[in-house]
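Novice: Need coordinates for the following:
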Amino acid sequence: MFFQLRKATLADQAHLEDLIARSSRTLCAPDYTPDQIEAALRGAFGVDTQLIIDGTYFVAESGREILGCGGWSRRRTLFGSDAGTGRDGTELDPRTEPAKIRAFFVDPAHARRGIGRALLERCEADARSHGFSRAELMATLPGARLYGSMGYTARSPVHYELDPGLTIEFVPMHKSISRVD
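Specialist: Numbers count the residues shown, from 1 in each chain. Predicted structure coming up:
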């Protein structure tokens, strides 16, 4: 499959929201209930426009079709869309803090074809070029399988409250991204 990576733009936002909803409703269905997925789409999953503005959010596209998206951040917020709570835009110190890997979603019709892997490799290289030697993320259960295959180490799962009485399980993960020469 041929696709190219490019930086996302604010003009992509509507297409990204649609992709994220389709990806979540399909690829997360084996691991989460429909109620969890719909609640997550109201804040935990979605576009974080700060990543786009920072130039650290990428799309994989074939022709004019966006097949996947994902990014990294030099800010403290670990996950969540613009509608998410507890956001912190403070910049990280790459000498002492890990970059944040953020918001990876792939079109279900193009899943398991190397798109997520290519996006992750691009994000790690970009973060490394900005001085980061470590990365961390908060993985969905299906995402944890990809990240684990790419060398990320899982910590104990956490239960994040989506709505009163409704939680979703995420897996904090981390990895050294420093070059080995």
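Novice: for His15, what are its contacts?
Specialist: His15 is in contact with Ile66, counting by CB atoms under 8 Å, 6 or more residues apart in numbering. Where you see a C-beta, it was placed from the backbone N, CA and C, and this is true even at glycine.
Novice: Give me the neighbour count for Thr90.
Specialist: 9 (other CB atoms under 10 Å).
Novice: and the gap between the residue most central in space within the chain and Arg179?
Specialist: Closest residue to the average C-alpha location of the chain: Ala103 at 2.2 Å, with CA atoms, centre = their mean. From Ala103 across to Arg179, the span is 25 Å (CB to CB, to the nearest Å).
Novice: again with Pro108
Specialist: In terms of CB to CB, Pro108 sits 34 Å off from Arg179.
Novice: Looking at these two, which is more packed in?
Specialist: Pro108 (16 against 8).
Novice: ok, the more buried one to Thr9 distance?
Specialist: Taken as CB to CB, the span from Pro108 to Thr9 is 23 Å.
Novice: which residues in this protein form helices?
Specialist: For the chain, the helices defined by DSSP state H cover 13-27, 34-40, 49-54, 115-129, 141-149.
Novice: Give the rounded mean pLDDT of the top strand by length along the chain.
Specialist: The longest strand of the chain (DSSP state E) is strand 166-176. What strand 166-176 shows for mean pLDDT is 97.
Novice: Good, we can wrap up now.
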